[in-house]
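Colleague: here is a sequence with its predicted model. Questions after.
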Amino acid sequence: MRTLVLIPVFVVMCALSSCENADSASTVVESLHGKMPDGEEVSLYTLTNANGMMAKVTEYGAILDSITVPDRDGKFADVTHGYDSLEGWLTNTSYFGSTVGRFGNRVANGKFTLEGKEYTLATNNDPGGIPCHLHGGLKGFDKVLWSGESFEEEDSRGVKLTYHSADGEEGYPGNLVVEVTYTLTDANELVWEASATTDAPTVLNIVHHSYWNLSGDPNTSINDHELTLFAGNYLPTDAGLIPTGVLKPVKGTPMDFTTSHLIGERVDEDYESLKFGGGYDHAWVLDAEKGSELHEAARVRDPETGRVMTLSTNQPAVQFYGGNFLDGTATGKGGVAYAYRTALCLETENFPDAPNNPKAPSSVLRPGDVYYHKMVHAFSAE
């Protein structure tokens with residue numbers, strides 16, 4: 001079987017709520033997270049490593065429920081937006097923590113043509129008043145129940161989540177078998193991997209969609225975070241946030257994060273791309289050799305707490321979204337109403353609208369090929 005590298009792997013570090021737990025044994029604990037509306041039970045997996053770091057993953061949506069990270073003083077905090085219960089996650093319209101697909105990001109007009117046949121998808125998003133398909137449709141991978149199975153090895157532990165997406169689901173062709181694995185290692189890494197096979201040609205772009213605020217305080221703005229993107233070019237969009245097909249250098253523009261900048265430093269400049277997106281909501285094309293297995297994508301730092309998150313992937317692009325559509329209507333963990341720009345997303349991926357862009361890396365998965373996406377988030381403090 002040939003391998004088609006179309007997958008990002010996530011590595012994320014987690015922490016317990018107390019440094020005293022650093023000597024505790026590494027474990028995987030499965031517990032009841034709640035029940036679906038049809039009564040089917042949903043499991044929550046708590047992963048703890050030998051250093052006391054902790055990540056929680058739910059079978060619903062293959063979602064990263066939470067992850068706790070120490071600051072420079074050893075104080076632990078959850079650095080993600082989300083919900084306290086399954087009931088909350090069932091209302092998740094912002095894709096907090098989610099695994100999204102089949103095609104993460106946007107597809108223009110909700111249409112694509114594959115092998116001479118046009119496929120029509122739901123148009124569930126309309127930036128700039130222009131309808132498009134977003135994150136897999138009305139009931140994408142983030143809104144279905146996956147089947148989890150925990151595992152433990154000598155220096156790691158995790159959970160493998162499996163889902164069968166039927167031919168025609170949300171308008172996509174082919175029966176698809178998908179696996180998403182979260183692995184927490186004793187090297188303080190949480191690795192996210194997605195793989196898939198199909199029995200008919202289809203398009204695929206499975207994306208992880210956690211919202212990050214490294215301060216640990218979900219009421220604060222991420223405009224004070226420092227960001228580096230290892231990308232000399234980005235993809236300008238039209239008013240509907242669909243890439244125009246042009247690869248544009250970031251040099252001399254507010255899209256230049258090749259050196260560290262505060263996110264809020266230039267976000268309100270009079271620049272067309274920022275006007276269209278209401279801020280940052282674009283794909284940056286990573287500076288990586290074609291076919292490289294793993295390369296740097298981004299580095300984020302909160303100066304106040306010293307928390308640092310670095311991101312590596314095997315994908316060609318990263319979507320940086322600055323929380324421009326958060327408006328306080330989603331009430332999450334601890335009853336917090338998530339306000340404007342209180343979190344950011346860094347989604348490694350293929351190009352948005354790749355099925356309609358002949359200049360983009362191919363998003364087509366064929367029988368006999370394997371989709372594989374690898375993403376690594378590593379946390380530290382300084």
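Modeller: Everything's here; your move. Numbers count the residues shown, from 1 in each chain.

Colleague: need the pLDDT of the residue lying farthest from the centre of the chain.
Modeller: Checked against the mean C-alpha position of the chain, the extreme residue using C-alpha atoms, centre = their mean is Gly116, at a distance of 31.2 Å. Gly116 is assigned 96 on the pLDDT scale.

Colleague: and if you look at the one 5 residues further on?
Modeller: Residue-level confidence at Leu121 comes out at 98, pLDDT.

Colleague: how about Ser26?
Modeller: Model confidence at Ser26, expressed as pLDDT, equals 65.

Colleague: then Gly245?
Modeller: Residue-level confidence at Gly245 comes out at 91, pLDDT.

Colleague: that one: neighbouring residues, count only.
Modeller: Around Gly245 there are 14 other residues, counting by other C-beta atoms under 10 Å. Using the backbone N, CA and C atoms, a C-beta is placed for each residue, glycine as well.

Colleague: which regions of this structure sit below the pLDDT cut-off?
Modeller: Low-confidence regions of the chain, defined by pLDDT under 70, span residues 1-26, 289-292.

Colleague: coming back round to it: what sits against the residue farthest from the centre of the chain?
Modeller: Taking C-beta atoms under 8 Å, 6 or more residues apart in numbering as the criterion, Gly116 is in contact with no other residue.

Colleague: distance of it from Arg102?
Modeller: Distance of Gly116 to Arg102, given as C-beta to C-beta, to the nearest Å: 20 Å.

Colleague: which parts of the stretch 151-300 of the chain are helices?
Modeller: Along the stretch 151-300 of the chain, the stretches classed as helices by DSSP state H, counting those that start in this stretch are 272-277.

Colleague: strands along the stretch 201-350 of the chain, start to end?
Modeller: Assigned by DSSP state E, counting those that start in this stretch, the strands in the stretch 201-350 of the chain fall at 202-203, 207-209, 226-229, 233-234, 248-249, 261-262, 281-285, 295-301, 307-313, 317-321, 345-349.

Colleague: which one of these lies nearest to Gly97?
Modeller: strand 207-209 (6.9 Å; C-beta to C-beta).

Colleague: give me the neighbour count for Leu227.
Modeller: Burial of Leu227, expressed as a neighbour count using other C-beta under 10 Å, amounts to 20.

Colleague: and the strands in the stretch 51-200 of the chain?
Modeller: Across the stretch 51-200 of the chain, reading from the start of the chain, the strands by DSSP E, counting those that start in this stretch fall at 54-58, 63-70, 76-78, 98-100, 106-108, 111-114, 117-120, 132-134, 147-153, 156-165, 176-185, 189-198.

Colleague: got those as JSON lines, with mean neighbour count columns?
Modeller: Formatted as JSON lines, the entries for these read as follows, by neighbours: other C-beta atoms under 10 Å:
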{"stretch": "strand 54-58", "mean neighbour count": "27"}
{"stretch": "strand 63-70", "mean neighbour count": "26"}
{"stretch": "strand 76-78", "mean neighbour count": "20"}
{"stretch": "strand 98-100", "mean neighbour count": "27"}
{"stretch": "strand 106-108", "mean neighbour count": "25"}
{"stretch": "strand 111-114", "mean neighbour count": "16"}
{"stretch": "strand 117-120", "mean neighbour count": "11"}
{"stretch": "strand 132-134", "mean neighbour count": "25"}
{"stretch": "strand 147-153", "mean neighbour count": "14"}
{"stretch": "strand 156-165", "mean neighbour count": "21"}
{"stretch": "strand 176-185", "mean neighbour count": "22"}
{"stretch": "strand 189-198", "mean neighbour count": "24"}
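
Colleague: can you redo the ones you listed as a markdown table with distance to Leu32?
Modeller: Converted to a markdown table, these look like this (distance: least, C-beta to C-beta, whole Å):
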| stretch | distance to Leu32 |
| --- | --- |
| strand 54-58 | 11 |
| strand 63-70 | 13 |
| strand 76-78 | 21 |
| strand 98-100 | 21 |
| strand 106-108 | 36 |
| strand 111-114 | 40 |
| strand 117-120 | 38 |
| strand 132-134 | 31 |
| strand 147-153 | 12 |
| strand 156-165 | 15 |
| strand 176-185 | 19 |
| strand 189-198 | 23 |
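
Colleague: and stretch 375-382, what's buried?
Modeller: Of all the residues in stretch 375-382, those buried under the rule 16 or more other C-beta atoms under 10 Å are Met375, Val376, His377, Ala378, Phe379, Ala381.

Colleague: just those residues now: which is nearest Asp217?
Modeller: Looking at the buried residues of stretch 375-382 and their distance to Asp217, the nearest is Ala381, at 15.5 Å (C-beta to C-beta).

Colleague: wait, that closest one touches Pro70, no?
Modeller: Yes. The pair Ala381 and Pro70 passes the contact test of C-beta atoms under 8 Å, sitting 5.9 Å apart.

Colleague: neighbours around Val370, how many?
Modeller: When neighbours are counted by other C-beta under 10 Å, Val370 registers 16.
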